[in-house]
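Asks: need coordinates for the below:
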Amino acid sequence: MLTVDDYGAIRRAHRDGMSIRQISREFGHTRKTVRHVLNHAEPQTVWTRQRKAPLLGPVEPIIDRILADDEDAPAKQRHTAAQIHRRLCEEHDYPGGYAQVQRYVLKHRRRHRETFIPLGHLPGHRLEADFGHIHVDFPEGRKPVPFLVAAWAYSNAPFVLALPFERTEAILEGMVAAFEFFGGVPREVWWDNPRTVATLILKGRERQIHPRYAALASHHVFEPKFCMPARGNEKPDAESTVKAVQKRFATPVPRVADLDELNTLLHRWCLAERDRIVRALSGPFTIKDRLAEDLASASPLPQDRFEACVIHPAVGVDKYQSVAFDGNRYSVPRAFAFGLVTVKGFVDRVAIVSQGQVVATHGRSLEKSRMILDPLHFLATLDRKPGSLDHAPVFRDWVLPACFADFRARLERQHGPSAGARQYARVLQLLTEHPMTRLSTAIETCVSEQLDTADAVIRRTRALASIEAAKHPKSPISSESFTTTRVDVPPPDLSRFDQLLGHGDDNPVGVLYA
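Replies: Numbering: from 1, shown residues only. The predicted model follows:
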């Protein structure tokens, strides 16, 4: 077959005076071919009529029917060309070879491949979200870490947040953080169909949405949108951001101390991405330029921050002063035992609410079948059960300043193990009204002055509180104070009155008001 170069050489030879006979002899082509070349500047496409397939033709309708039926079959249970050839041979006595069937199936699938229409989203209109996974090196070893991505469809500006899990509360936390990171809210937020967001897939794009995600959408005034099942290509910007985090940020494997440090690095990466130039079908653009247009058209953030948590109402408190949440049990103060409370599960903590007030807060445990107990919640029970100090893990494993153990030993030496334990329990109960630092100071002062009684510590602690209140009358309550219920302190042992009169230097009243 002659090429364009052959055509040019023949035509130049004829231009230079060579006859058709000479060109035929010189280039080795027939005179008919030379005349054709001289009449056409370049090779012509020759259309040939389609040849009949005597063997494959009769079974083509059967192949078409098999391929049509495959469209409704599961993806992993569709026919390959080899399976179709086997069925034709076994069921229809097909005498032809496999290659013919393979070429026909390939041509059929090429004709039916899906094509797409280039989309162009408006500024501030659409935000796409998804989860991805990377491996990260922590001090305790390499672990997989899920991360949430949110990307604007118009500007491609990304937000990435590493989270401990992918539950609904993590999605809520991640979306609130994304809105705050960008400083605006889109008109639509697109997800695929995680069960933590879309609890039930209905007809078409209709979904039954998780109540808390619906509350998030209402609070920030955006429309929750979802891709069709198995159609991740409907949110390409989120998908490409996941791959970018895996390939560009997390390669090589990041080495960090904890999730907070990892999120600091991700935050910097997201900001650096704004200077990147995107080569789009519509032309190149810089992310930060289009992000400014996104945010100019986006809705403002609401005044109040959304509570990014799942809510379990009317949870019963058992006899151990604990409530169940996510496979664990969390303690509450004694006053709420045997009642009903509301449990709010955040990414990092669990809050227990009664009558609109938070009565207990715990760090969230990611393990299962654990009891997360706050010793302060059980101090009110020590009046009747002082033996729990040594037999209940909530007290036995309680890490207190060293002065507490020393003071308990002094109390038990002076008053005996049982009475000393009861007095020590009264000292611990002060923590429901006073911060740890104040009580530690009171104990150290009483020890230095040889005042080995609970009453001395009680009076000293209250005196310190009065002094601090006088110095700072408008100061807020210390964050170390864990006020739950008021503790009624028993009256002092009057049998020791004579001893106090006989040892004026040891008189705690004199010390307090000297």
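Asks: going forward, measure contacts and count neighbours with C-alpha atoms only.
Replies: Fine.
Asks: now the strands for the stretch 151-300 of the chain?
Replies: For the stretch 151-300 of the chain, applying DSSP state E, counting those that start in this stretch gives strands covering 158-162, 188-191, 198-201, 207-209, 223-226, 277-280, 283-286.
Asks: buried set for the shortest one?
Replies: Just to be clear, that refers to strand 207-209. Arg207, Ile209 (16 or more other Cα atoms under 10 Å).
Asks: which one, of the strands of the stretch 151-300 of the chain, ends up nearest to Thr445?
Replies: Proximity to Thr445, assessed across those by Cα to Cα, is greatest for strand 158-162 (47.3 Å).
Asks: what pLDDT, on average, does the closest one get?
Replies: The average pLDDT within strand 158-162 is 97.
Asks: for Arg364, what are phi and psi?
Replies: phi -80, psi 130 (degrees, to the nearest 10).
Asks: hey, least reliable of the strands of the stretch 151-300 of the chain by pLDDT?
Replies: Within the strands of the stretch 151-300 of the chain, confidence is poorest for strand 277-280, with a mean of 83 (mean pLDDT).
Asks: please identify the buried residues of that one?
Replies: Buried residues in strand 277-280 (16+ other Cα under 10 Å): none.
Asks: touching it from outside, list them.
Replies: Pro284, Phe285, Thr286, Ile287 (Cα atoms under 8 Å, 6 or more residues apart in numbering).
Asks: export the residues you listed to a markdown table and tack on distance to Tyr213?
Replies: Compiled in a markdown table, the contacts of strand 277-280 are given as follows (distance: Cα to Cα, whole Å):
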| residue | distance to Tyr213 |
| --- | --- |
| Pro284 | 35 |
| Phe285 | 33 |
| Thr286 | 32 |
| Ile287 | 29 |
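Asks: most neighbours among the residues you listed, which one?
Replies: Ile287 (20 neighbours; other Cα atoms under 10 Å).
Asks: so what's that one closest to, chain neighbours aside?
Replies: Arg274 (4.9 Å; Cα to Cα, 6 or more residues apart in numbering).
Asks: thought the one you found was touching Lys288?
Replies: Yes - judged on Cα atoms under 8 Å, Arg274 makes contact with Lys288 at a distance of 4.7 Å.
Asks: so what sits against both of the two?
Replies: Ala157.
Asks: packing partners of the biggest helix by length in the chain?
Replies: The single longest helix within the chain, with elements called by DSSP state H, is helix 454-471. Judged by 3 or more Cα pairs under 8 Å, 6 or more residues apart in numbering; DSSP states H and E, the packing partners of helix 454-471 are helix 417-429, helix 436-448, helix 508-512.
Asks: how about 10 Å then?
Replies: If contacts are counted by 3 or more Cα pairs under 10 Å, 6 or more residues apart in numbering; DSSP states H and E, helix 454-471 sits against helix 402-415, helix 417-429, helix 436-448, helix 508-512.
Asks: out of those, which is closest to Thr361?
Replies: helix 436-448 (17.6 Å).
Asks: let me know the pLDDT of Phe482.
Replies: For Phe482, the model assigns a pLDDT of 41.
Asks: count of neighbours near Val105?
Replies: By other Cα under 10 Å, neighbour count at Val105 equals 20.
Asks: ok, it - contacts?
Replies: Contact analysis of Val105 by Cα atoms under 10 Å, 6 or more residues apart in numbering lists Glu60, Ile63, Asp64, Leu67, Thr80, Ala81, Ala82, Ile84, Ala99, Arg111.
Asks: let's go with 8 Å and repeat that
Replies: Applying Cα under 8 Å, 6+ apart, the residues near Val105 are Ile63, Ala81.
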